[in-house]
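Engineer: Output the structure for:
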Amino acid sequence: MKILVINSGSSSIKYRLFDMTGKTVLASGVVEKIGEAESRLAHYTRNNKGEMEEIVDTEPVADHPRGFQLIGAVLNQTGALKDTKELFGIGHRVVHGGEEFKEPTLINKKVIDIIRRLIPLAPLHNPANLLGIEVAMQSAPQVPQVAVFDTAFHQSIPVYAFRYAIPQDLYEAHHVRRYGFHGTSHHYVAKQAARLMDRPLNSLNLITLHLGNGASAAAIKEGKSIDTSMGMTPLEGLIMGTRSGDIDPAIIFYLKRKTGLARDKVESILNKDSGLKGICGVNDMRQIEELAREGNSQAQLAIEMVCYRIKKYIGAYCAVLGRLDALVFTAGIGEKSPLIRAGSCRGLAHLGIEVDAEKNNRQSKEAFEIQAADNSVRVLVIPTNEELEIAEQTVACIESYRSRDK
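Structural biologist: Purely as a prediction, here's the structure:
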């Protein structure tokens, strides 16, 4: 059973082909800089030895349809996918599902129209996601295609947690509320935590921390998201690579008055020039940790601020959940930075959270535990796999629709 997962951006198409029988990756790759002179296809395919080999093509890619043609050609050339008829389905990452989509959805014209209507909620992402859907449906019209939404997992958040304290008419007319993002990742690692702990997911209370260039926390009660740090947009919450995270909203008006900057410029500063980059000039945590070891005070401050903000969310979500079974670190920083994990948990022994230094310094591609002995809360490091989660949800969605039709 083959599933192709597509993540279409404004100038890129990322893809991964799975054999869901053994949940193995047959091929993956990315078409980058679509519409530019330096377009590039980097494709990885599994050889007879089970190793991934790279194929690079640097020919110009004028648009997304041409990008899909190249992907189809290289999948055919390498034998990973000779014909789209081999596909059980295609799963598409869609960033924003608004209040309309609470689960993965088989794509039809009505679904496409709703995704298009939601563009104002995610103007940078949904148009590109939609373009990928439309091109893929033209390229493989006979293959069932499924939209998997970043926001869907958080649709279980109760109204008192997702509403902002603004006038009711603004919520009703303009859908101003907390949606949350990284839902596919939070859901995936929550399920992996349940498997690791050998307990049903619906019996667990978890805090999951997706820490990468984008970062978010989620409070998961009995397997369902009940709160998350990102809000109506991905700008709210934790300090990120270039995003500010939580700030006093009046700062925006203050900056406009004091600097005379246009609204779009202030928005750009908060999204692209703030966060780690704003504090110390660098947004790659590996570089920041190196600078901190060399004595750079701004890099040291950035690390302290990141850990402090994470710690505040852990404390808040402990209060909300009442009982915490496990704290889960995932994504690039969460999986690879012992320093951030330790700093985020320091001083939380009274909440049952304490890290063992030796366990924490371990590096592994598999899930592992880092809590101190006799900890009441398990502290887990679990590699995320959003593409596999999308593939699994795509299979489940298609099978569910087919069973209803019988």
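Engineer: Quick check: the gap between the most centrally placed residue in the chain and Leu348.
Structural biologist: In the chain, the residue lying closest to the centroid (C-alpha atoms, centre = their mean) is His182, at 3.4 Å. Plainly put, His182 is 22 Å away from Leu348 if you go by C-beta to C-beta, to the nearest Å. Bear in mind the C-beta positions are built from the backbone N, C-alpha and C, glycine included.
Engineer: Next: Gly332.
Structural biologist: With distances taken as C-beta to C-beta, Gly332 is found 23 Å from Leu348.
Engineer: swap in Lys272?
Structural biologist: Relative to Leu348, and taking C-beta to C-beta, Lys272 is found at 32 Å.
Engineer: out of the two, which sits in the more crowded spot?
Structural biologist: Taking other C-beta atoms under 10 Å, Lys272 and Leu348 do not tie; Leu348 has more neighbours (18 against 14).
Engineer: so the residue nearest to the centre of the chain touches Ala152, yeah?
Structural biologist: No. Using C-beta atoms under 8 Å, His182 makes no contact with Ala152, being 11.4 Å away.
Engineer: secondary structure element for Ile220?
Structural biologist: Using DSSP states H and E, Ile220 maps to strand 215-221.
Engineer: who does the helix or strand just after that strand pair up with?
Structural biologist: As assigned by DSSP H and E, the chain's next helix or strand after strand 215-221 is strand 224-228. Strand pairing for strand 224-228, using DSSP bridges, gives strand 215-221 (antiparallel).
Engineer: Can you list the neighbours in contact with the partner strand?
Structural biologist: Here strand 215-221 makes contact (C-beta atoms under 8 Å, 6 or more residues apart in numbering) with 153-154, 180-182, 186, 190, 204-210, 225-230, 234, 237-240, 245, 310, 313-314, 317, 320-321, 331, 333.
Engineer: next one: stretch 129-137
Structural biologist: By C-beta under 8 Å, 6+ apart, stretch 129-137 touches 6-8, 13, 64-65, 67-68, 90, 92-95, 107, 112, 115-116, 119, 145, 147.
Engineer: and that stretch, how far out from the chain's middle?
Structural biologist: Mean-position distance between stretch 129-137 and its chain equals 20 Å (C-alpha atoms, centre = their mean, to the nearest Å).
Engineer: repeat for stretch 278-298
Structural biologist: 24 Å.
Engineer: Mind listing residues that contact it?
Structural biologist: Residues from elsewhere that reach stretch 278-298 (C-beta under 8 Å, 6+ apart): 213, 239, 241-242, 244, 275-277, 299-303, 305, 332-333, 336-337, 339-340.
Engineer: which strands and helices sit next to the lowest-mean-pLDDT helix or strand in the chain?
Structural biologist: Least confident element among the helices and strands of the chain, by mean pLDDT, DSSP states H and E: strand 52-57 (a mean of 85). Contact partners of strand 52-57 among helices and strands, from 3 or more C-beta pairs under 8 Å, 6 or more residues apart in numbering; DSSP states H and E: strand 40-46, helix 64-77.
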